[in-house]
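Below is the structure, and that's it, no one-letter string:
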């Protein structure tokens, strides 16, 4: 397996990334499930339209309705889900430190989508 993070280590890093969020963001992250998955599904890959060559790894995905797109008269939503993909992150990272960094960046990036930010509005 080389320098990749084990499943248990990966899950710990994800929870540490969430714990390190500024409190005001942490408090807003309600009704969101953060799931660790090994690989993105075909549907996840199909939902991305900004990678026509399909050559970049999908590190995480937000599945849900952004807070900014919800109306108050909507019926309750199912919990939104953010999936963080262990396989791709381990593949793009050459060291454990890089893997930890990628996990944190991916968690924060996908939470940005939850808050209604577009890719170009987020720091990279």
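Yep, that arrived. Not measured: the values here are computed from a predicted model.

okay, CA-based contacts and neighbour counts for the rest of this
Will do.

residue ranges with poor pLDDT in this structure?
Low-confidence segments of the chain (pLDDT under 70): 1-3, 49-55, 73-77, 122-124.

the strands in the protein, which residues?
32-37, 60-63, 80-85 (DSSP state E).

In contact with residue 7, which residues?
Going by Cα atoms under 8 Å, 6 or more residues apart in numbering, residue 7 touches residue 86.

Over to residue 27?
Per Cα under 8 Å, 6+ apart, neighbours of residue 27: none.

Then the one 10 residues further on?
Going by Cα under 8 Å, 6+ apart, residue 37 touches 83, 84, 85, 86.

Could you check how far it is from residue 85?
Noted for residue 37: a distance of 5 Å to residue 85, by Cα to Cα, to the nearest Å.

in stretch 113-120, what counts as buried?
For stretch 113-120, a neighbour-count test (16 or more other Cα atoms under 10 Å) marks 113, 114, 115, 116, 117 as buried.

Was I right to think residue 65 contacts residue 115?
No: Residue 65 lies out of contact with residue 115 (Cα atoms under 8 Å); the separation is 9.4 Å.

Can you tell me the number of residues neighbouring residue 44?
Each residue near residue 44 was counted by other Cα atoms under 10 Å, and the total is 15.

Check the gap between it and residue 25 for me.
Distance from residue 44 to residue 25, by Cα to Cα: 25 Å.

Which residues lie in contact with residue 4 in this structure?
Going by Cα under 8 Å, 6+ apart, residue 4 touches 90, 91, 93, 94, 95, 96, 99.

neighbours of the first one, just the number please.
Taking other Cα under 10 Å as the neighbour definition, residue 90 ends up with a count of 25.
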